[in-house]
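> Below is the sequence, then the predicted model.
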Amino acid sequence: MDIFSFLGIFLAIIAILSGQYLEGGHLTSLINAPAAIIVLGGTLGAVMLQSPARIFLRAIKMLFWIFIPPKLSIDATIAKIITWSDSVRRDGLLSLENEVEIEDNLFARKGLQLLVDGNEPEVIRKVLEVELDSKANLDRQAAKVFEAMGGYSPTIGIIGAVMGLIHVMENLSDPGKLGGGIAVAFVATIYGVGCANLLFIPIANKLKSLVIHETQYREMIIEGIVSISEGEYKNSMESKLQGFFD
């Protein structure tokens, strides 16, 4: 659980609401359903139009990473790779057949299978790097979905403001309807700019950093498995793997 993300969202909301309260405004004046529908619905629709379904659905799944990021057991993985290396040096590559069956990390399992099958180090690296690049590219595109939302929402907020002002102009003869139109106009702008800068863009940047971290983790696995294939000594291998996250 990423408590820092919860604290960030909480602090952002409290800061906005506290400022509104200290200025003497009513907190309820920031709640406007038509403005929310215009901004959130319009932003979501624009992003769905822009993004392939595969990318959009991946972005929705990755959204949960903000609060529950992928668990990467770095130290445990390094220790596991060193254990595999010792096993190979002692009993040969076939000693890892059982490890292939019980390994829960699918990426590491694929690398182990390539190793057990007796592939050359260059082949192992190339196969795993193709999968690594494909996965990282998909995740980066998914993160950019939220970046795009951060670009669209302020503009759609302006659309909402203009729509509110149109409503005001149409009802100049009826003062009772002017307040609602003006409220939609200003609150839609707040929603557009606020969602972009307090949610969408920070979420995109957080996801990008998590993608980079996971990519480094997989690169470490590739390097470890290739090092086993090359017969590298345990001490130098361990130092090299730990260097990925120093």
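Structure received. Residues are numbered from 1 along each chain as shown.
> so how far is residue 208 from the closest residue to residue 215 other than its chain neighbours?
Nearest non-adjacent residue to residue 215, counting by Cβ to Cβ, 6 or more residues apart in numbering: residue 136, 4.8 Å away. Just so you know, the C-beta spots here come from the backbone N, C-alpha and C atoms, and that holds for glycine as well. Distance, residue 136 to residue 208, by Cβ to Cβ, to the nearest Å: 11 Å.
> Just give me the residue right at the centre of the chain.
The residue lying closest to the centre of the chain (Cα atoms, centre = their mean) is residue 207, at 2.5 Å.
> For that residue, give me its contacts.
62, 65, 66, 139, 142, 143, 146 (Cβ atoms under 8 Å, 6 or more residues apart in numbering).
> from the chain's centre, how far out does the helix or strand containing it sit?
Element membership for residue 207 (DSSP states H and E) is helix 201-229. Relative to its chain's centre, helix 201-229 lies at 13 Å (Cα atoms, centre = their mean, to the nearest Å).
> Equivalent analysis for stretch 221-238, please.
When distances are taken as Cα atoms, centre = their mean, stretch 221-238 is centred 30 Å away from the chain's centroid.
> Could you list the buried residues of it?
Across stretch 221-238, burial judged by 16 or more other Cβ atoms under 10 Å covers 221, 222, 223, 224, 225, 226, 227, 228, 229, 232, 237, 238.
> now stretch 71-80
Here stretch 71-80 shows 72, 77, 78, 80 as buried, counting by 16+ other Cβ under 10 Å.
> got it, and stretch 86-96?
For stretch 86-96, by 16+ other Cβ under 10 Å, it's 87, 88, 93, 96.
> what's near enough to touch residue 108?
Contacts of residue 108 (Cβ under 8 Å, 6+ apart): 77, 80, 221, 225.
> Let's see that with 7 Å instead.
Shown in contact with residue 108 (Cβ atoms under 7 Å, 6 or more residues apart in numbering): residue 221.
> And residue 7, by the same measure?
Residue 7 neighbours (Cβ under 7 Å, 6+ apart): none.
> name the helices or strands packed onto the lowest-mean-pLDDT helix or strand in the chain?
Lowest by mean pLDDT, DSSP states H and E among the helices and strands of the chain is helix 178-195, with a mean of 81. Helices and strands touching helix 178-195, by 3 or more Cβ pairs under 7 Å, 6 or more residues apart in numbering; DSSP states H and E, are helix 33-36, helix 121-170.
> which residues are in contact with that helix?
So helix 178-195 is contacted by 16, 29-30, 32, 34-36, 38-39, 153-154, 156-158, 160-161, 163-165, 167-168, 171 (Cβ under 7 Å, 6+ apart).
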